[in-house]
Each structure stands twice: as C-alpha cells, then as structure tokens.
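Chemist: no FASTA, just this:
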Ligand SMILES: Cc1cc2nc3c(=O)[nH]c(=O)nc-3n(C[C@H](O)[C@H](O)[C@H](O)COP(=O)(O)OP(=O)(O)OC[C@H]3O[C@@H](n4cnc5c(N)ncnc54)[C@H](O)[C@@H]3O)c2cc1C
Ligand SMILES: NC(=O)c1ccc[n+]([C@@H]2O[C@H](COP(=O)([O-])OP(=O)(O)OC[C@H]3O[C@@H](n4cnc5c(N)ncnc54)[C@H](OP(=O)(O)O)[C@@H]3O)[C@@H](O)[C@H]2O)c1
C-alpha cells in the first residue's frame, strides 16, 4: 500500500527535520515547506537517497496568511498528515518594548500556524481523512515574566488546536498537540539546559510518529514535563506572581 | 519555555568536558556544532581547533586544544552512482547509515572498522583499516576526492589529480590538515548481507601466525586472542575468516531476500560498572568461555553482516563496563620479520602483569604507502585495559617492546603516549610536523593529542 504524503511546515527546524527523517524511513512521500526552501536541498537529496521516497520543496511564509490557500493548491497532493513546527521565540526584553517585534512573535506562533492548519483541516474534512500535528509549547500553560509574549501566543495556539480537535472529534480528522519541554535545537543552542529535561529532536520525532499512530491527543515527549507543568499550573496566582522561574 | 534572558538559561559559550570513546583523558574544550560552512570557518579562525566526528577514537584525537568542531549537522548523503558505487556525502555521515541505505541495493563499505558508529570524516582522518587490509589496504584506497576547509577558511577539493599532497596527508592526518566537509567514496558490490565465516581454534601464537599466512587469500581475517593464557598456550586464539556470500551460496529461504537479516535486540549498559568488576578473574573466565564456545563452533557458518563486523555494536555504551575512570587501548603494528618475536614479548608482558585485556585482537596488514597512516606490512595487535597505575606501567612496557621491534602506534587508539615515543617509533612524524609548519596548519588545527605528541 502506498503511504500518504506528509506535509511539514517550518521544515528547516531541527525538530521538523527529525520528523521528516522518521516519516521518510517509514516510506511516506514528503512535502517540505519553509521560507527558505533552498536551504532544504541537501535534506531532500539525503532523504531521497536513503529512503527512495519522493520529496518536494515549497516556499512558505506563515505570516503571509493571504497566500496560504494558493500554497495548498501548489502541493503535489493534499497531504494525509500535516505537521506545523513553525515557531519563533524572539527576545523577551525586546518584546516588552518593541510592539512590532512582539506582534511578530504572536503572529508567528499563533495566527500564522492556526490559519494554515485551519485551511488544511477544512480540506481534510471535505476529503474525509487527515491528521494534523501542531507543535506548541509548555510555555503556553502559564505566562511567566521571562517569556510571556512567546508563551501567550503558544497558549492561543494550544487552545486553537484543542478546539479543532473537539470540532472534528466525530469525524475522521485527528488533531495532535505536542508540548515538548526543552529540546536541543537551534532555538535553544548555547543555553545551559538541564540534560534530564532536554529531549533530542529525534526523541520528539519518535514520540510524534508513535502518538499519531495511536491517535493520542496531547503529548509532552519527556513524561516528567507533565509533572512539572502540573505543579507550575497549580501554584496559586498570589504566590506565582512573586516567583521568578 | 526557555528564553535567553532567563537567569537560569543564560547564553554562555559552552565549555564542555570531552573525551574519546575510552573516556580517558578528559579535557575542557569549547564545543560547537556549526550548521554552515561559514560557521565552521569562524571556529577555525579562533584557532587551535579540531574536527570531531562521532568520538570513537579512544583518546584525545578529537578533543580540540581550544575549539572542538562537531560535524553532527553535516550528515547528508548527496549523491550515489549506481554504476560505479561512488557515494558523495558530508563528512559527518555515520557509516552505519551508509550500510542501511545501500546494503539493500547491493553495496557495502570497501573497508570498515570494528564499529559502524564512526563518521566518514573520522574514517578518512584515521585512514581506518578493516579485516581485509592484507588484501585491499586501508580506507584511503577507496576515496575519490575530499573537500577540506583549510586554515584560511577556503574550501579546497583535493584528489590524486589536484592538491594531491594535501589529499595524501589528509588521509591518516587525524584532522590536522583541516576540516573535511565532503568526500566521494567507493563502495563495493556484494550479492548478499551474509558472510561465510570459517572459525579455526589455534592453540598458540605460532599456530595462529601460521594460519594467518595460510589464509592470505581470504578476504577477511581476524583473530581474537586469549591474552591470559601462558607457556605453551601463549597466544591461544580463534581465527575468523570471512567472505561475502554469493547468491548461489545462500539457502533457498535466504536467497529470496538476500539483503534481509534478522533484527537484533540492542542492549545498553545503563551505568558505569563499579571499578573492579572486570577483574583478572572475570576476564579469565570470559576468555576461557569464549574460546571453548568458539572452538565448538569451528568450521563454516553463515553469519549476518552486523554480527560478523560489529559484534560490540550490539551492546550500546559498552565503554561503561570499565567504570568511571575509563579505559585505554594499546594498538601497535609490527613489521613482518619481527612480528613473531615482538608479539610473543607483548603477550608475555600482558599475561605476566595479569592485566587481562577483555578484547585482544590480532590482524594481518598488507603493504601500505602513505605519508602518515598507521598500517605497515606485518601484524597489528590491539588490547584494552582499564585505567589504573598498574596498566599505565604496563602500557609503558608495551610501548618499549614495540619500539624495540621496529613497530609503531595507532593514533586513533592512543591516549597517553609521549611525544618522544611517537617520534622514535615513526620518523614520518617529524616530516608531518614540518609540513604542518610550512603550510601554516599548526596554529589553526590542534587537538589535545597533537599538542601532547608535538605534531
Ligand atoms: C569498538 C571500536 C572498534 C574499532 N575498530 C577499528 C578498526 O577495526 N580499525 C580501525 O582502523 N579503527 C578502529 N576503531 C577506531 C575508529 O575507527 C577511529 O577512531 C575513527 O577515526 C573514529 O571515527 P569518528 O567519526 O568517531 O571520529 P572521532 O573519534 O570523532 O575523530 C577521530 C579523528 O578524526 C578526525 N576527524 C573526524 N571528523 C573529521 C572531519 N570531518 N574532518 C577532519 N578530521 C576529522 C578527528 O579530528 C580525530 O583526529 C575502532 C573504534 C572503536 C570504538
Ligand atoms: N526547542 C525547544 O526547546 C522548544 C520547546 C518547546 C516548543 N518548541 C517549538 O518547537 C517548534 C520547532 O522549533 P525548534 O526548536 O526546532 O526551533 P527552530 O529551529 O528555531 O524552528 C523554528 C522554525 O520556524 C520557522 N519559522 C519562523 N518564522 C517563520 C515564518 N514566518 N514562516 C515560515 N517559517 C517560519 C523557522 O524557519 P527559518 O529556518 O526560516 O528561520 C524554523 O524552521 C517551534 O514551534 C518551537 O516554538 C521548541
């Protein structure tokens, strides 16, 4: 049986590349979308050589929401699985003062990803099948002084995914929310992250493949993050506001 | 959740404590994993940098004197020619991935070390040898070209036709000529994923050497030595010969899917074993058991490629069985004429010290002409030891015996020899160091090992 195509949005991200490798190894054709598709030529050659699967590259800017419908039309086929890894952390200090910078973080993590996934979800629904994966963040579970602009956008995205899942619960469109804890990627490069709490991109990829095949709804990659976030979200606001974590 | 302005997750250039596979010695170095050519050049410009593949060299070859440049993001295969078997790939590609991709299409590495968890860059830099050195020579014989980032950041393609001196000196050059970015290597065609193995138990060293010479026509040959046996039994060993099985040699069930072999369960050593678990007695017991098990299986059998070439890879993280202090490997090559005497002396010293080596491997080398590669016509012996005062003293003794017999040492295994020992064992070292000076390579490219060995 031929496997369904997998669309990966934000395919230059380390997590996305790991996901691409996993699905190529399973024999799925890949559609890799990024704002710099030329940066993916090497990955395309590599995946085609290793796994003999077709790989197509597509220009895609999540902020250019007006172009999203046309973007979907240019794909060689409507994908069976669509995964959005687009995200942007920005600099919190800058985001506090420069509202244009803050808006870009908000739009890159929420408005853009939500728009493209909503369009895809509608098409999946019309076809009667499809799986959607949104990579959000534990940062969206509670706003903290150190990165609430990013966190709030992820919160919006997480809520959007949950709503989408709810809407399609009785139809054949599935939505998976991924809340990775720390992941060792370009985004976190040079940060001194605790190794036990930090997953490799390959771990995230494996977790996504497994979760989709089992029809899971929300996953945290390393299980310990569920516990950490359960504690963080249960701290009373009166205390939480004085903490610096 | 993390943010660069967080007090806890501040941005700092990462200083890491790094070592090789033996986990000894450990040194502080600035570890970076660049994602672009430009980023590699920037590291090199800071000076005293060395490339790092998958860290399978035992000692400090891949630990930079200041900067260590991990090639982990340069892991793409770029093209493959189905007619000639030439693969173009980035230097950080892992050999095991090459096998996974191309063995099902009938291609296998022309030369492979005893682990598949090495990078192509590391294989070139150490000019690795396999069990077929006596027939095919080292990995360097199967390289069409190399693209290398030099001291000034320029990318040069070198091959036997252009920049040929740089080409020859990069092969076996331990990363000291620059950072290998890409290479073109030739694979060998095979008809199956199976090896026809012949196992011969041999009662002592003389019998083993005789058997090696008699087996000159075999593609692969290697002997495992019980290095605790003494007297008449000194050098008691199991010789394993191998040939790639042709389709005609496979049974009916195998011939239908000649490149499929059973999946193996990986075992992992999850923590450091306490020092001393690997005592003289356990090693003795293991060696005796292994020998008798092998002796009972003597004769011919079909073995899958993974079991035949990479038995240790089945136990991930096996370097932890030697405990926290780590371990060392001793590997020398001896000229053909002095091999019988030299090997005897090395084995006697080891067995007398009672410092049983868990793994003792003997191989026959063929001719080798290169500026700095390790192999030479003769034999090579490799022994593993946990790090302690007794084994450090034994290593010195083994170094001395090797020098006395005109032998030399494998830099990919070395972690503690002195500059004097290297330069006495190998006159090519001085020539290599002079070349580095004349080309301005010494300041930009330096590993802890090259510093220690005055290269
Ligand atoms: C279990 C085991 C079995 C082994 N068996 C054999 C064997 O049978 N035969 C054999 O020959 N060797 C053997 N080795 C040694 C191993 O093949 C070499 O040490 C090899 O170099 C390791 O490759 P690596 O990618 O891990 O390189 P590293 O250990 O990371 O680096 C080794 C050297 O290569 C250089 N290097 C790595 N990448 C680059 C690059 N891109 N550009 C420039 N320089 C680079 C480094 O600077 C360093 O000097 C064995 C090792 C182990 C652990
Ligand atoms: N790393 C972590 O610890 C961590 C933790 C939790 C969640 N996450 C989330 O995981 C996802 C993947 O991140 P990562 O860690 O792999 O980091 P990353 O490499 O920085 O990935 C971010 C990706 O988003 C893309 N992108 C940004 N703006 C875009 C735009 N306007 N249009 C199209 N693409 C755009 C980037 O493309 P370019 O290459 O063009 O810049 C990049 O591919 C992100 O959503 C991130 O928020 C990460």
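Modeler: In hand now; what should we look at? Keep in mind it's a predicted model, so treat the numbers as computed, not measured. Ligands and ions are numbered 1, 2, ... in the order given.

Chemist: Find the helix or strand that residue B:34 is a member of.
Modeler: Residue B:34 belongs to no helix or strand when assigned by DSSP states H and E.

Chemist: Next, the buried residues of stretch B:228-244.
Modeler: B:228-229, B:234-244 (16 or more other C-beta atoms under 10 Å in any protein chain shown). Where you see a C-beta, it was placed from the backbone N, CA and C, and this is true even at glycine.

Chemist: Let me fix that, I meant to ask about stretch A:67-83.
Modeler: So for stretch A:67-83, counting by 16+ other C-beta under 10 Å, buried means A:68, A:71-72, A:75, A:78-83.

Chemist: Would you mind pulling the contact partners of it?
Modeler: For stretch A:67-83, the surrounding residues in contact (C-beta atoms under 8 Å, 6 or more residues apart in numbering or on different chains) are A:3-9, A:16, A:19, A:23, A:28-29, A:31, A:33, A:54, A:56, A:58, A:60-61, A:115-117, A:119-120, A:123-124, A:127, A:129-133, A:135, A:208, A:212.

Chemist: who touches residue 199 in this structure?
Modeler: Reading this off chain A. Counted by C-beta under 8 Å, 6+ apart, residue A:199 has contacts A:180-184, A:221-222.

Chemist: not quite, I wanted chain B
Modeler: B:238-241, B:294, B:297-299, B:301.

Chemist: which strands and helices sit next to the strand or helix carrying residue A:95?
Modeler: Per DSSP H and E, residue A:95 falls inside helix A:92-97. Identification of packing neighbours for helix A:92-97 by 3 or more C-beta pairs under 8 Å, 6 or more residues apart in numbering or on different chains; DSSP states H and E yields helix A:99-106, helix A:148-167.

Chemist: how far does that helix sit from the chain's center?
Modeler: 23 Å (C-alpha atoms, centre = their mean, to the nearest Å).

Chemist: do the same with stretch B:255-264
Modeler: On C-alpha atoms, centre = their mean, the centre of stretch B:255-264 falls 27 Å from the chain's centre.

Chemist: what do you get for stretch A:196-213?
Modeler: Distance, centroid of stretch A:196-213 to centroid of chain: 12 Å (C-alpha atoms, centre = their mean).

Chemist: And it, what's buried?
Modeler: Taking 16+ other C-beta under 10 Å as the criterion, stretch A:196-213 shows A:198-199, A:201-209, A:211-212 as buried.

Chemist: quick revisit: and the helices and strands packed on helix A:92-97: which comes nearest chain B?
Modeler: When the helices and strands packed on helix A:92-97 are compared by C-beta to the nearest C-beta, helix A:148-167 sits nearest chain B, at 7.1 Å.

Chemist: Tell me if the closest one is near ligand 2.
Modeler: No - against ligand 2, helix A:148-167 shows no contacts by C-beta under 6 Å from any ligand atom, the least distance being 6.8 Å.

Chemist: gap between residue A:227 and ligand 2?
Modeler: The gap separating residue A:227 from ligand 2 is 17 Å, by C-beta to the nearest ligand atom, to the nearest Å.

Chemist: before we move on, what SS does that residue have?
Modeler: With DSSP: H, G, I helix; E, B strand; the rest coil as the basis, residue A:227 sits in helix.

Chemist: ok, back up a step: if we check ligand 2, which of the contacts of residue A:199 are in contact?
Modeler: Checking the contacts of residue A:199 against ligand 2 (C-beta under 6 Å from any ligand atom), the matches are A:180, A:182-183.

Chemist: tell me the average confidence for the helix holding residue A:95?
Modeler: Computed over helix A:92-97, the mean pLDDT rounds to 94.

Chemist: quick one on the thing from earlier: and the buried residues of stretch A:67-83, which is closest to residue B:443?
Modeler: residue A:83 (46.0 Å; C-beta to C-beta).

Chemist: Please state the backbone phi and psi of the closest one?
Modeler: Backbone geometry at residue A:83, expressed as degrees, to the nearest 10, gives phi -120, psi 130.

Chemist: gap between it and residue B:134?
Modeler: 51 Å (C-beta to C-beta, to the nearest Å).

Chemist: Please apply the same query to residue B:127.
Modeler: 16 Å.

Chemist: so where do the helices sit in chain B?
Modeler: B:37-46, B:95-102, B:120-125, B:133-136, B:164-170, B:205-214, B:252-256, B:280-296, B:305-309, B:339-353, B:389-404, B:419-425, B:428-438, B:448-452 (DSSP state H).

Chemist: just chain A next, same as before
Modeler: Using DSSP H, helices in chain A cover A:14-25, A:41-51, A:68-74, A:92-97, A:99-106, A:112-127, A:148-167, A:201-214, A:224-234, A:237-240.

Chemist: Now do the shortest one: distance to the chain's middle.
Modeler: Offset of helix A:237-240 from its chain centre (C-alpha atoms, centre = their mean): 30 Å.

Chemist: So what's the model's average confidence on it?
Modeler: In the prediction, helix A:237-240 has an average pLDDT of 96.

Chemist: go on, the third one?
Modeler: Taken as a whole, helix A:68-74 has an average pLDDT of 98.

Chemist: what about the helix holding residue A:95, near ligand 2?
Modeler: No - on the criterion C-beta under 6 Å from any ligand atom, helix A:92-97 is out of touch with ligand 2, staying 13.9 Å away.

Chemist: quick one: the closest residue to residue B:243 other than its chain neighbours and residue B:255, what's the gap?
Modeler: Leaving aside its chain neighbours, residue B:243 sits nearest to residue B:196 (4.7 Å; criterion: C-beta to C-beta, 6 or more residues apart in numbering or on different chains). Distance, residue B:196 to residue B:255, using C-beta to C-beta: 14 Å.

Chemist: Just want to know which of those two has more residues nearby.
Modeler: residue B:196 (20 against 15; other C-beta atoms under 10 Å in any protein chain shown).

Chemist: My read is that the more buried one contacts residue B:304, right?
Modeler: No - the pair residue B:196 / residue B:304 is not scored as a contact, 11.6 Å apart, by C-beta atoms under 8 Å.

Chemist: For the closest residue to residue B:205 other than its chain neighbours, give its distance to ligand 1.
Modeler: Distances taken as C-beta to C-beta, 6+ apart place residue B:235 nearest to residue B:205, at 2.7 Å, with adjacent residues excluded. Computed as C-beta to the nearest ligand atom, the residue B:235 to ligand 1 distance reads 20 Å.

Chemist: pretty sure residue B:235 contacts residue B:346?
Modeler: No - judged on C-beta under 8 Å, residue B:235 makes no contact with residue B:346 at a distance of 9.8 Å.

Chemist: if we can go back for a sec, for residue B:148, find the nearest of the helices of chain B.
Modeler: Judging the helices of chain B by C-beta to C-beta, what sits closest to residue B:148 is helix B:164-170, at 6.0 Å.

Chemist: Run the chain-centre distance for that closest one.
Modeler: 20 Å.

Chemist: looking just at contacts, which helices and strands does that helix meet?
Modeler: Against helix B:164-170 (3+ C-beta pairs under 8 Å, 6+ apart) you get strand B:143-149, strand B:155-158.
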